[in-house]
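**Q** Mind looking at a prediction? Sequence and model below.
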Amino acid sequence: MGINEITQAKPLLAAIASFGSFALGAVLPFMVSLFAPIELMVYLQYGFTIIFLMILGAISAKTGAQI
């Protein structure tokens with residue numbers, strides 16, 4: 001299968017990366033909810049969540065050398 005020391009799984013590193021991505025993905029919409037006016041909350045949450053997903057997706061792709 002071509003598994004050697006270089007290509008072996010690193011579960012601790014994967015867990016840390018997952019924690020970081022989930023934490024950052026949760027903090028950004030939470031910050032919008034702290035500062036957005038109540039009347040526009042739903043619309044701003046939807047809009048900024050989509051924008052944040054696009055930004056984080058681009059960062060992930062760049063980090064993973066897919067772009």
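**A** Everything's here; your move.

**Q** So, low pLDDT: which residues of the chain?
**A** Filtered on pLDDT under 70, the chain yields the residue ranges 1-5, 7, 66-67.

**Q** Please, where are all the strands along it?
**A** Taking DSSP state E, the chain contains no strands at all.

**Q** And the helices in it?
**A** 11-35, 41-63 (DSSP state H).

**Q** Make a markdown table from those and add mean neighbour count to it.
**A** Bear in mind the C-beta positions are built from the backbone N, C-alpha and C, glycine included. Output for the helices of the chain, formatted as a markdown table (neighbours: other Cβ atoms under 10 Å):
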| stretch | mean neighbour count |
| --- | --- |
| helix 11-35 | 11 |
| helix 41-63 | 12 |
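
**Q** how close does the nearest residue to residue 32 once chain neighbours are set aside sit to residue 59?
**A** Counting by Cβ to Cβ, 6 or more residues apart in numbering, residue 32 lies nearest to residue 48, which is 4.7 Å off, once chain neighbours are set aside. Distance of residue 48 to residue 59, computed by Cβ to Cβ, to the nearest Å: 16 Å.
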